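Asks: I'll drop the sequence and a predicted model, then ask my questions.
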Amino acid sequence: MEITLGLATRDAYGQALTELGRKNKQIVVLDGDLASSTRTGMFAKEFPERFFNAGIAETNLVGLAGGLAQGGKIPFISSFACFMVCKGYDQLRMAVAVPHLNVKVVTSHGGISIGEDGASQQSIEDVGLMVTLPGFIVAVPSDEHCTRALVTQAAEIEGPVYIRTGRPKAPILYTADEKFQFGKGKLISKGTDVTIVANGLLVAEALVAADELEKEGISASVIDMHTIKPLDEELLIAQAKATGAVVTAEEHQVWGGLGAAVAQCLSKNYPVPMQFVAIQDTYAESAKPEELMKKYGLTSQKIIEAVKKVL
Amino acid sequence: MTTTLPVSTEQLQQIAKQIRKEIILMLTASGSGHPGGSLSMVEMITALFFSAMKHDPKNPKWEDRDRFILSKGHGCPAVYAAMAMTGYFPKELLLTLRKLGSPLQGHPDTRFMPALEACTGSLGQGLSIACGIALAARMDNKDTWTYCLTSDGESEEGQVWEAAGFAGFHKMDHLIALLDYNKFQLDGPVKNILDPEPFKAKWEAFRWHAQEIDGHDVGQVVEAIEKAKSVKGQPHVIICNTIKGKGVSFMENNNYFHGVAPTAEEAKAALAEIDGDPSLSEALIVAGKIKKGGK
């Protein structure tokens, strides 16, 4: 399978956000002194009067967003995933989730593929933390087109949304005219023996794995499950029924992420053998992104191994 | 209701008395809650709801209303009492405080009472939310005021100072914080746990216009708010020196009543005292029927 790298999903966010800013004057953007990294800087340059750098102060940043939403604005707030979610968690809970306010939390630097900065900057828990907040939509888009579409949609719907973007360039999986909807997974490869459910960078790995498996006579479905909550249960159950085995793959701690959500759904509706490609209850370290993905088992090779276990 | 209601200081004092009575009745009916910190903020709530704030209880979401955020969420009985007395909801509802299905949650919750501006109770968060609301109003060129009621114990939270820094730097002069300095927190005297002094100087260092007043002199509270409004280019804090449990002798500075509701007997004594006859409570204290606490 040919892999073409596109933009990093954070770059697609910056572009989509700026585009949204042109259309909707109620959009206000807050960043925690990482605007050049999260790419909200693109919005700040064009709309300085609607951009606030809250400084390195995430708790206040999230509280401000709650107040802005209560005051009728549509705040998009950004920082690294680990800082926004871990430092701002009680504020995300009380100032956003409980009152169910219209705040859009879009983080960058999700996962370990940020590379050399090491464990303190690598967010492996954000999805698990965010899915436990009632009422939040939680998504991990896979490529630039998916990111643009979901960010745009986030501005159009009422209520809290969490979107995790990443630092490195992401493989292009779709064309610009592809349609996406929160809560609707994408069946991007249809097989008969096993279903690989992935999100973020692992979707491309899943496609590579499916290609390799095909050569060995194993036919795999691949679902891009960009939205973890609400989960596309219909698609998932249908594919579990069609293939009888499921492997999940995500750049996240194995506890609380996509795999956990998929297992919860299937155990209730249609239990099948499962395997989980994810970070196995550990923190990572400094190294090149590809070295880390390999060491912590987030590769097409690991997906192939998992498929063979589950069949 | 508008800000121009001609309410005299004497009338405000009577209203404060009534709020205190409602607090005692509500907490006794619920059997739980926070008397001390509710009673200490009564004059601030009175000044806001009956004098300073522009609001319309019949149209709580009126676009041009002033906003009020109770950051010290456990003091909500005082707010509920003022809301009932200004006509947001029937007074009978007060006795449903903390009961299943009641809009009067144990801590403010907008899901059950949309007239409130924020869900609070996790201390430290209200000032940031108030700041965000004030920022939205400023971006919309509205000449409205955002009030936040915070406290001494709450100021131990780091987030308060993140918000203070933001508001000071951004010159948010339509933001007014009233700080209930009642000198106690759950575990004891604030000065023994994390003394906030020099309190006023700290706020000034964060570029706030700061005043310090007697928080039980409702006239002073009204005047301080007026003065705050006249100072441009800075957010405002009014440090209100208060007494925890104010108005009920056996609750004053008695930290037992931080988070314990009065018994029926204690309530009877408290109500008599608020009306001006403390003899009943004295008799009950002598009889050992009222909880006494150390200072």
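Replies: The structure has been received and is ready for your questions.
Asks: got the contact list for the closest residue in space to residue B:109 that isn't next to it in sequence?
Replies: Nearest residue to residue B:109 in three dimensions, chain neighbours excluded: residue B:119, at 5.3 Å (CB to CB, 6 or more residues apart in numbering or on different chains). C-beta: built from backbone N, CA, C; applies to glycine. Shown in contact with residue B:119 (CB atoms under 8 Å, 6 or more residues apart in numbering or on different chains): A:94, A:95, A:98, A:99, B:107, B:108, B:109, B:110, B:111.
Asks: ok, now with 7 Å
Replies: With contacts defined as CB atoms under 7 Å, 6 or more residues apart in numbering or on different chains, residue B:119 is in contact with A:94, A:98, A:99, B:108, B:109, B:110.
Asks: I'd like to know how far the nearest residue to the second one once chain neighbours are set aside sits from residue B:272.
Replies: Okay, so that is residue A:98. Using CB to CB, 6+ apart and skipping residues adjacent in sequence, the residue nearest residue A:98 is residue B:119, 4.4 Å away. Note on residue B:119: its distance to residue B:272, by CB to CB, to the nearest Å, is 36 Å.
Asks: Also residue A:88?
Replies: Summarising the geometry, the distance separating residue A:88 from residue B:272, computed by CB to CB, is 48 Å.
Asks: do residue B:39 as well
Replies: 15 Å.
Asks: more neighbours, these two?
Replies: Neighbour tally, residue B:39 and residue B:272, criterion other CB atoms under 10 Å in any protein chain shown: the higher count belongs to residue B:39, 31 against 16.
Asks: hmm, back to that, and what about the residue nearest to residue B:109, helix, strand or coil?
Replies: When classified by DSSP: H, G, I helix; E, B strand; the rest coil, residue B:119 comes out as coil.
Asks: End to end on stretch B:154-161, go ahead and measure it.
Replies: Here the two ends of stretch B:154-161 are set 11 Å apart, with distance taken as CA to CA, to the nearest Å.
Asks: Next, work out how far apart residue B:154 and residue B:243 are.
Replies: 17 Å.
Asks: In terms of neighbours, single out the busier of the two.
Replies: Set side by side, residue B:154 and residue B:243 give different neighbour counts by other CB under 10 Å, the larger being at residue B:154 (24 against 18).
Asks: just checking, that one is part of a strand?
Replies: No: read with three-state DSSP, residue B:154 is helix and lies in no strand.
Asks: Tell me how many other residues surround the residue lying closest to it once chain neighbours are set aside.
Replies: Take residue B:154 and drop its neighbours on the chain: the residue closest to it by CB to CB, 6+ apart is residue B:123, 4.6 Å away. Here the neighbour count serves as a burial measure; for residue B:123 (other CB under 10 Å) it reads 21.
Asks: Enumerate every residue touching residue B:123.
Replies: Under the contact definition (CB under 7 Å, 6+ apart), the residues listed for residue B:123 are B:72, B:154, B:157.
Asks: for residue A:74, same thing?
Replies: Under the criterion of CB under 7 Å, 6+ apart, the neighbours of residue A:74 are A:24, A:26, A:27, A:28, A:102, A:104, A:155.
Asks: which strand residues sit across from it in the sheet?
Replies: In this structure, residue A:74 has beta-bridge partners residue A:27, where bridges are defined by DSSP bridges.
Asks: Hmm, residue B:207 is touching residue B:168, no?
Replies: Yes: using CB atoms under 7 Å, residue B:207 is in contact with residue B:168, at 3.1 Å.
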